[in-house]
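*Asks:* sequence-free structure coming up:
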Ligand code: GLC
């Protein structure tokens, strides 16, 4: 009991910065190779396992000698406060540091549009909106700010950027893709890597970037999440491998294979692509982390699955709830007699050295703990100002007629729509929880609040039932949040996402002479031809995040819209998939082409 009290006292002293971050591994080996040679097989095997931080405890961390923990989507401490995140981080890291060799753990998180699990963090537009900015410098700055807000809670490994080149809007992860165009993804993906990793991983505000999901996660038939990408190698390389070249050149330190398959073979077991192409040809030399239990999707027994993924190139297994120690001992420990053929020791050393190298690069041996000195930066005014700029630049104005936009502060403005005052829908998935949620899920400014911030002549009327004396109207509609396969759909018709009140409001507006603008929150282009035709103005706002003021900046003309579609906008489901990379483009059918967007 006394030990626990001392440990808690030490941790509280740490977290309030009273104790200097000391060198906690005084006699650690100088190189990963040297350290590897000191390790027992249980220590080796522990490094290959990444488990869920809300399930593991200091006891199980020590028992399994774990190499890493992750906070899965929405996996926050009981109280979702930055301090609670930091305390849990330091407590679990202290357990790892107390083991024989004192090897610090890597802590990974999905901070895909800001440090989005943490309540109060700055939430940026999702990648589809950043793609519409075409602004690599801005993307780099956003990644740097995200790294600051990740490091503030101790974490130092981001499972981002996603380099998907989404080809089919039916895919639930379309919004995690910058563009249908590999060149746009390449430029912005490399910028994100630079922003996350900075000039050195040892810098206090750098985090390890993870380029994902290799490869052709966004190229599956029908946009099916974790589905099959059916294409020849030339298309695979020119469309889906292409962005990884620049990202690797930018120094990406980690990579995550895709759940999906290429021509029927699961990526997690594809040694041609994971080793011959990725490592030997493209020169990737970082850490390969599997996706969430993805090895279990490979054929055969658990032993077979682990062996196939490991030999193909996976170094560390994201195995949130199942420690793979027994199977790995059978497969790797020469002193364990089993029927399993042993994996070459050379491959085992390569994987462990890849893992340890990242820990050395991040300077974790000397600085395993984090004090609370940076917590104030989470959701700071300065960070939110950059997010607001990103929102402005991400909006794509598809239509603006009858002098609808910009609005003025002398006009009487009516705001309608189910998403007008819904911060959760404004942020989308991967926000506070894995799937995201509706309503006041975190700290931010809704569109309605932002319009009120601009003008006092504003009323909210969900159904636009009284338009007397109204000069302009804005109706905010769209998708409710989703993530991954939960967002897969065969129907992108916006009409099916409208609430009854939305439909009534649109009906009333169409029956009036009041010029109105539709603001659409969506993770992808939608089939909205009727709504676009009937409105006077239409803005694709994507999933802009917490800073709704950026939308009002454009609505009121404080800034002129500059966003350009990074995805072709279809006119009907029958046209999907339709991409500017198609040989037949631009003669194919669509409503608005890649690159479209109007200004004032
Ligand atoms: C998810 C996603 C991946 C994410 C990982 C950890 O299933 O496929 O993008 O990084 O699990 O949350």
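*Replies:* Yep, it's here. Owing to the predicted nature of the structure, the values given are computational and were not obtained by experimental measurement.

*Asks:* Who are the contact partners of the nearest residue to residue 270 once chain neighbours are set aside?
*Replies:* Nearest residue to residue 270, sequence neighbours excluded (C-beta to C-beta, 6 or more residues apart in numbering): residue 312, at 5.9 Å. (Each C-beta comes from the backbone N, C-alpha and C, glycine too.) The contact partners of residue 312, by C-beta atoms under 8 Å, 6 or more residues apart in numbering, come to 268, 269, 270, 271, 274, 275.

*Asks:* Determine the number of other residues adjacent to the last one.
*Replies:* Using other C-beta atoms under 10 Å, residue 275 is surrounded by 17 other residues.

*Asks:* one step back: PyMOL command for the buried members of the contacts of residue 312?
*Replies:* Buried residues within the contacts of residue 312, by 16 or more other C-beta atoms under 10 Å, are selected in PyMOL with:
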select buried, resi 268+269+270+271+274+275
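
*Asks:* Using CSV, please lay out the contacts of residue 312 together with secondary structure and distance to the ligand.
*Replies:* Formatted as CSV, the contacts of residue 312 follow (DSSP: H, G, I helix; E, B strand; the rest coil; distance: C-beta to the nearest ligand atom, whole Å):
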residue, secondary structure, distance to the ligand
268, helix, 11
269, helix, 17
270, coil, 17
271, helix, 21
274, helix, 16
275, helix, 21
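
*Asks:* got the residue ranges for the strands in the stretch 401-550 of the chain?
*Replies:* Ranges of strands in the stretch 401-550 of the chain, per DSSP state E, counting those that start in this stretch, are 413-416, 458-460, 472-478, 516-521, 537-542.

*Asks:* Neighbouring strands - and their directions - for the longest one?
*Replies:* Translated: strand 472-478. strand 413-416 (parallel), strand 516-521 (parallel) (DSSP bridges).

*Asks:* contact partners of the longest one?
*Replies:* Put plainly, it is strand 516-521. Residues contacting strand 516-521 (C-beta under 8 Å, 6+ apart): 400, 404-405, 417, 419, 425-426, 428, 447, 472-479, 494, 509, 526, 528, 531-532, 535-544, 551, 555.

*Asks:* repeat that for 6 Å
*Replies:* Contact with strand 516-521 is made by 404, 419, 425-426, 473-476, 478, 509, 531, 535-541, as judged by C-beta atoms under 6 Å, 6 or more residues apart in numbering.

*Asks:* now do the first one
*Replies:* The set of residues external to strand 413-416 that reach it, using C-beta under 6 Å, 6+ apart, is 448, 451, 458-462, 464, 470, 472-475, 505.

*Asks:* which of the residues you listed sit farthest apart?
*Replies:* Between any two of the contacts of strand 413-416, the greatest separation by C-beta to C-beta is 17.0 Å, found for 462 and 472.

*Asks:* Settle it for me: which of these two has more neighbours?
*Replies:* residue 472 (25 against 18).

*Asks:* Show me what the more buried one is bridged to.
*Replies:* So, taking DSSP bridges as the rule, residue 472 has residue 413 as bridge partners.

*Asks:* mind listing what residue 388 touches?
*Replies:* 547, 549, 550.

*Asks:* Looking at those, state which has the most neighbours.
*Replies:* Neighbour counts for these peak at residue 550, which has 29 neighbours (criterion: other C-beta under 10 Å).

*Asks:* Just after the helix or strand bottoming out on mean pLDDT in the chain, pick out the following helix or strand.
*Replies:* For the chain, using mean pLDDT, DSSP states H and E, the weakest element among its helices and strands is helix 2-15, scoring a mean of 49. For helix 2-15, the following helix or strand on the C-terminal side (DSSP states H and E) is helix 32-36.

*Asks:* give me the residue from the stretch 101-250 of the chain nearest the ligand.
*Replies:* Residue of the stretch 101-250 of the chain nearest the ligand, by C-beta to the nearest ligand atom: residue 159 (3.5 Å).

*Asks:* If I follow the layout properly, that residue ends up in contact with residue 210?
*Replies:* Yes: with contact defined as C-beta atoms under 6 Å, residue 159 and residue 210 form a contacting pair (4.6 Å).

*Asks:* Quick one: residues contacting residue 106.
*Replies:* Here residue 106 is in contact with 68, 157 (C-beta under 6 Å, 6+ apart).
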